[in-house]
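Trainee: here is my input; please provide its structure:
(chains A and B)
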There are 2 protein chains.
Amino acid sequence: MILLAPWELLLLMFANFFSRATCMTVGPRSSMGFETCYCLSWRVAVEANNAQAWRTVPAQCVLYVENYMLGGQYNKDLDVVIEQISTYLNGIVAAGDGKDAWVLDIDDTCLSNLLYYQGKRFGGDPWDPSAFKSWAQRGLCPPIPAVLRLYSRLVQGGFKVFLLTGRDEEALGVSTAENLHAWGFVGYERLILRGPAYRGQSAVGFKSSMRKQLVEEGYRIRGNVGDQWSDLQGDFIGDRIFKIPNPMYFVP
Amino acid sequence: MILLAPWELLLLMFANFFSRATCMTVGPRSSMGFETCYCLSWRVAVEANNAQAWRTVPAQCVLYVENYMLGGQYNKDLDVVIEQISTYLNGIVAAGDGKDAWVLDIDDTCLSNLLYYQGKRFGGDPWDPSAFKSWAQRGLCPPIPAVLRLYSRLVQGGFKVFLLTGRDEEALGVSTAENLHAWGFVGYERLILRGPAYRGQSAVGFKSSMRKQLVEEGYRIRGNVGDQWSDLQGDFIGDRIFKIPNPMYFVP
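Mentor: Numbers count the residues shown, from 1 in each chain, chains lettered A, B, ... in the order given. Okay, here's the model as predicted:
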């Protein structure tokens, strides 16, 4: 038997109560419970695009984001988004003319940079372009399995898939193509990276221009999937947009 | 002293572990932990507008939504959205010409229907237009305090506030105006309800038409706040949109 003083039992029950994601707005707060509640609110604000132009994960939420990304909730969130996409897909068919298109982002949509961001305190550290370039040039990003399954379904369903990324074409074109191929992202219609003419342009501007071109070529963008709102805003966004969760960084 | 068998202590620790919002994707799952993780994912999908056209809260999430609405996290989420709006407001000023406008939705944005939805299993029951009409005609909706504070700041800051609601003008015009007045929603520029010409039109269509009219009158919509994505989509949505949380119902 293990002997517990009444206060020890109370403490255990108290800790359990506060970790049950109950965020009392009045009364005593344990520091842990308070921060978890705030950080969950912040994460939802990011996903709903209420929080904009943030540069790093708030200091008090770094541990929360680590736990979110590694503890299972991130994967659960991904599953639910892919479930929503599947439901939508069940209601549409690709016409025989080969013009039904889907646009998918790459970073943290098709391929995961979680291993990279693990070394950047899950977004607690500021954006580091040269370190990210080195990482991406290695071409070792694993896929996000739920998105890879979606990708395969799209290709097999006769949709033309366009992979549209803000990655620099010159620096990362080869490694990106190889990285995608190694994990089975094959059979896409086109891989569109940022060419020299679009360097320095906002993600919304660049991606809108690229989608405009697709529409001018006669493609109908039936769906558009990305982890950043800048993937999903601007012109020719498509019939339906889907936001993949990402609380680690914000691309304007 | 309280005597605990080792298995009792283990059970307590186990319960604590699973209630820590840790959603293991492999390994054992407690039923409670699993549902909480799923329902959180579902709620985030609603806020990010990935989940669309849902008719009721999923049966397994009714208790989760009740706990979310009453347990404090909803209020915490509201605070964080209002914080984001405040940050945005700090960077803009109303010009002296009286044409800087904000558009605010009413139901579950300015006024709360939580008491009504408590009787509808927090959205677990389907939409009941006649019961809702009776509720709204009583004019007893309390305000959402955080939004009332925002409202006051907007009016005092020289912005013209337009309250734009899909509520029927004929049936609910008087009770709505009185309800707003009773709680201190005074000094707005215009209360816009759904007139007979717009009955049966989608919320996006009706609200777009109303905003178009404002823009034609020379107003600049600096911000647009609503609990439904249909408040925030369509034409003339404004310089910046803010999504107020609401996992209880979806207005197409």
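Trainee: what is the neighbour count of the closest residue to A:N246 other than its chain neighbours?
Mentor: Counting by CB to CB, 6 or more residues apart in numbering or on different chains, A:D227 is the residue found nearest to A:N246 once chain neighbours are left out, at 3.9 Å. Where you see a C-beta, it was placed from the backbone N, CA and C, and this is true even at glycine. Neighbour count for A:D227, taken as other CB atoms under 10 Å in any protein chain shown: 28.
Trainee: flag the shaky bits of the stretch 1-150 of chain A, pLDDT-wise.
Mentor: For the stretch 1-150 of chain A, the stretches with pLDDT under 70 are A:1-32.
Trainee: would you map the helices across it?
Mentor: A:6-19, A:31-47, A:62-71, A:73-90, A:114-118, A:129-138, A:145-156 (DSSP state H, counting those that start in this stretch).
Trainee: gap between the closest residue to A:G157 other than its chain neighbours and B:I237?
Mentor: Leaving out its chain neighbours, the residue that sits closest to A:G157 by CB to CB, 6+ apart is A:A94, at 5.8 Å. According to CB to CB, to the nearest Å, A:A94 and B:I237 sit 31 Å apart.
Trainee: same check on A:L78?
Mentor: Taking CB to CB, one finds A:L78 at 28 Å from B:I237.
Trainee: what of A:L191?
Mentor: For A:L191 relative to B:I237 (CB to CB), the value is 32 Å.
Trainee: repeat that for A:L180.
Mentor: Distance from A:L180 to B:I237, by CB to CB: 35 Å.
Trainee: the two: which has the busier surroundings?
Mentor: Higher neighbour count among A:L180 and B:I237: A:L180, with 22 against 18, using other CB under 10 Å.
Trainee: can you name the helix or strand that that one falls in?
Mentor: If you go by DSSP states H and E, A:L180 is part of helix A:169-182.
Trainee: so what touches that helix?
Mentor: A:106, A:110-111, A:133, A:136-141, A:163, A:165, A:167, A:186, A:188, A:191, A:193-196 (CB atoms under 8 Å, 6 or more residues apart in numbering or on different chains).
Trainee: just stretch A:227-235 next, same as before
Mentor: By CB under 8 Å, 6+ apart, stretch A:227-235 touches A:49, A:52, A:105, A:107-109, A:164, A:202-205, A:207-208, A:211-212, A:224-226, A:241-246, A:250-252.
Trainee: could you list the alpha-carbon positions for that stretch in PDB?
Mentor: Only the C-alpha atoms of stretch A:227-235 are listed here, as PDB (Å, rounded to 0.1, in the frame of the first residue of the first chain):
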ATOM      1  CA  ASP A 227      -1.200  25.200 -43.900                       C
ATOM      2  CA  GLN A 228      -1.100  29.000 -44.300                       C
ATOM      3  CA  TRP A 229      -3.900  31.400 -44.900                       C
ATOM      4  CA  SER A 230      -1.700  33.000 -47.500                       C
ATOM      5  CA  ASP A 231      -2.100  29.800 -49.500                       C
ATOM      6  CA  LEU A 232      -5.900  30.200 -49.400                       C
ATOM      7  CA  GLN A 233      -6.500  33.900 -49.900                       C
ATOM      8  CA  GLY A 234      -6.200  36.300 -52.900                       C
ATOM      9  CA  ASP A 235      -7.500  35.500 -56.400                       C
END
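Trainee: quick one: buried residues of that stretch?
Mentor: By 16 or more other CB atoms under 10 Å in any protein chain shown, the buried positions in stretch A:227-235 come out as A:D227, A:Q228, A:W229, A:S230, A:D231, A:L232, A:Q233, A:G234.
Trainee: for the residues you listed, work out which two are farthest apart.
Mentor: Within the buried residues of stretch A:227-235, two members stand farthest from each other by CB to CB: A:D227 and A:G234, at 15.8 Å.
Trainee: A:G187: how many residues sit nearby?
Mentor: A:G187, neighbours per other CB under 10 Å, totals 12.
Trainee: element containing it, please.
Mentor: Of the helices and strands defined by DSSP H and E, none includes A:G187.
Trainee: so it touches A:G157, yeah?
Mentor: No - the criterion here is CB atoms under 8 Å, and A:G187 misses it with A:G157 at 11.5 Å.
Trainee: make TSV out of the buried residues of stretch A:227-235 and add secondary structure and pLDDT.
Mentor: Output for the buried residues of stretch A:227-235, formatted as TSV (DSSP: H, G, I helix; E, B strand; the rest coil; pLDDT from 0 to 100):
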residue	secondary structure	pLDDT
A:D227	coil	98
A:Q228	coil	98
A:W229	helix	98
A:S230	helix	98
A:D231	helix	98
A:L232	helix	98
A:Q233	coil	96
A:G234	coil	96
